[in-house]
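Asks: what follows is a predicted structure for the sequence shown.
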Amino acid sequence: MTNQPTGRYDHFRALGLSGAAHDVDALMHALCAHDDLATSRLVDFALGLVDTRDGAARLRHYLFHGAPIQRNYAALYFKRRGRVALLDEAVQQGKIDAVQGFAE
């Protein structure tokens, strides 16, 4: 038996734990490519696992340059980490609205 991840949950979890920029890209692509609740929850969970400088930098890119749904999930990522100044900047630039940036 191999030790490779199986199933969507394991795949998305591995992407989040990796935290590499290209893995964040894969998660954000899945968010746009699959418009269903299961995928959005898996992406949200996996993004919560991203704990690398490269991953956070890539999420910052999506906050300012992503599709609306990508900006929303990037905002959630930074809100959960208390990055208020970054969210303020995104609101001021019109990338997200104040509700997205600061709602509990």
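Replies: Done, it's in.
Asks: going by secondary structure, the spatially closest residue to residue 42 that is not a sequence neighbour is in what exactly?
Replies: Among residues not flanking residue 42 along the chain, residue 12 sits closest, at 4.5 Å (Cβ to Cβ, 6 or more residues apart in numbering). C-betas here are computed from N, CA, C, even on glycine. Secondary structure assigned from DSSP states H and E places residue 12 in helix 7-18.
Asks: what do you get for residue 62?
Replies: helix 53-65.
Asks: now the angle from the helix holding residue 12 to helix 53-65?
Replies: Our comparison of helix 7-18 with helix 53-65, counting by axes from the mean of the first three to the mean of the last three Cα atoms, to 10 degrees, yields an angle of 100 degrees.
Asks: now do helix 7-18: which elements does it pack against?
Replies: helix 21-33, helix 37-49 (3 or more Cβ pairs under 8 Å, 6 or more residues apart in numbering; DSSP states H and E).
Asks: so where's this structure shaky on pLDDT?
Replies: The chain contains residues with pLDDT under 70 at 1-6, 100-104.
Asks: quick revisit: adding mean neighbour count and distance to residue 7, write the helices and strands packed on helix 7-18 out as a markdown table.
Replies: Putting the helices and strands packed on helix 7-18 into a markdown table (neighbours: other Cβ atoms under 10 Å; distance: least, Cβ to Cβ, whole Å) gives the following:
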| stretch | mean neighbour count | distance to residue 7 |
| --- | --- | --- |
| helix 21-33 | 18 | 14 |
| helix 37-49 | 17 | 10 |
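Asks: tell me which of the ones you listed sits nearest to residue 77.
Replies: Closest approach to residue 77 among the helices and strands packed on helix 7-18 (Cβ to Cβ): helix 37-49, 5.2 Å.
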